[in-house]
Each structure stands twice: as structure tokens, then as C-alpha cells.
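Asks: Predicted model follows, preceded by the sequence.
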Amino acid sequence: MKNFFYLLIVFVLINGCGEEKLKPKIASSLQTTEIPVQESWDSQILFSENGKLKAILYADHIRSYESKKMKLLDGVKIKFYNEDEKVSSTLTSKHGRINDITKDMFAIDSVVAVSDSGVVLKTEELVWKNRSKKIKTDKFVTIIDKNEKIQGYGFESDQNLNNYTIYNITYIANLNEEKKK
């Protein structure tokens, strides 16, 4: 009986060693450029210039792609700071993208920017140009301040929403006159 167990163990060992190992299947349709090199959740990115804080980006999810030189963002909020390092405006959007080379940021879907003076900008897409510190879009925009509501296509402003231009105005309403009615 003892010999039988020794024989069985030797048989199992020889049989187990002789089998070819199974290799996992790799999906050939998956491109490595589609896989982010880094991901983070509930993150902050600080932008500074000459030691002064210029902006803080908060995101629910960030995916960084080295080959595309970009970061994709979900759940975006950015606080812009003035020369005194006080919050001058805030921008929110559902999605965003950062060009890693130029550091330009694209806010996409349900974009809302609010300045410290109370100016509110609403649009579907907005670009913050890092070099010029300006925000731009060629999409439909709505601007509301304490005196008026303006709508149109095409927009450019400083990041603080102090000096803005709407290129193709389609609607203007004086809010003070509407309050009197």
C-alpha cells in the first residue's frame, strides 16, 4: 500500500511537470496608446508662475496619456487667482482636457464660469489659453451680470471675466428694466 502511494505521487509529479503551461490571451484590438500611463481620482493640480499661484484645478478623475501629450478630466473645477493670489474666478465643467505641451485647458459640457464680481458665463465648450491667460470659445454663450443678460456666438475674455467680448450677439436684455416691470 505504501508503494502504491509513492508510485501515485511520482506519477502526479511527472505528469504535472510534463504539461505545457497555459499563456494568457492578450487582446490584439487593444492599443497601448489608449491606456493611460497614469490615473488619479479626487486630484488637484496647481499652476504657478514665478512662484505665484495662478490656478488650482480640481478633478474627480484624471487620465494622463504620454503618447498623446494630454490629460483627460472628469468633474472639473478650476479656481483662478489674481496678482494678490486671491480667487478671481471659478470655472466648472463635466469634462476637460489639458494639452501637456502648451498647458492650454479645454472645458467641455455644461461649462460655467463665475467671476468674483458676479459675472456668470455659461457655454458648452471653452478654452483657457495658458500663454495669454485668456478664455475663448466659438460656441453659443450666455453672460449674466447685475445689469444685463447677453447671448451670442463667439467669446473672448481675460480669465477674470473683467474685459470680455461677444462676437455675434443674438440677444440683450437689461435686467434692471425687467425688475421694474
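Replies: Good, I have the coordinates.

Asks: sec struct for Asn176, please.
Replies: Of the three states, Asn176 takes helix under DSSP: H, G, I helix; E, B strand; the rest coil.

Asks: Helices of the protein, residue ranges please.
Replies: Taking DSSP state H as the criterion, the chain contains helices spanning 2-18, 175-180.

Asks: What values do phi and psi take at Val37?
Replies: With angles defined as degrees, to the nearest 10, Val37 sits at phi -80, psi -20.

Asks: Do a quick rundown of the strands in this structure.
Replies: Residue ranges of the strands in the chain, as given by DSSP state E, are 38-49, 52-65, 70-81, 87-99, 105-115, 120-129, 134-144, 148-158, 164-174.

Asks: wait, what's in contact with Ser93?
Replies: By C-beta atoms under 8 Å, 6 or more residues apart in numbering, the contact set of Ser93 is 76, 107-112, 126. Every residue, glycine included, has its C-beta placed from N, CA and C.

Asks: which among these end up buried?
Replies: If you count burial by 16 or more other C-beta atoms under 10 Å, the buried members of the contacts of Ser93 come out as 76, 107-108, 111-112, 126.

Asks: so Ile172 bridges to which residues?
Replies: When bridges are called by DSSP bridges, Ile172 pairs up with Ile150.
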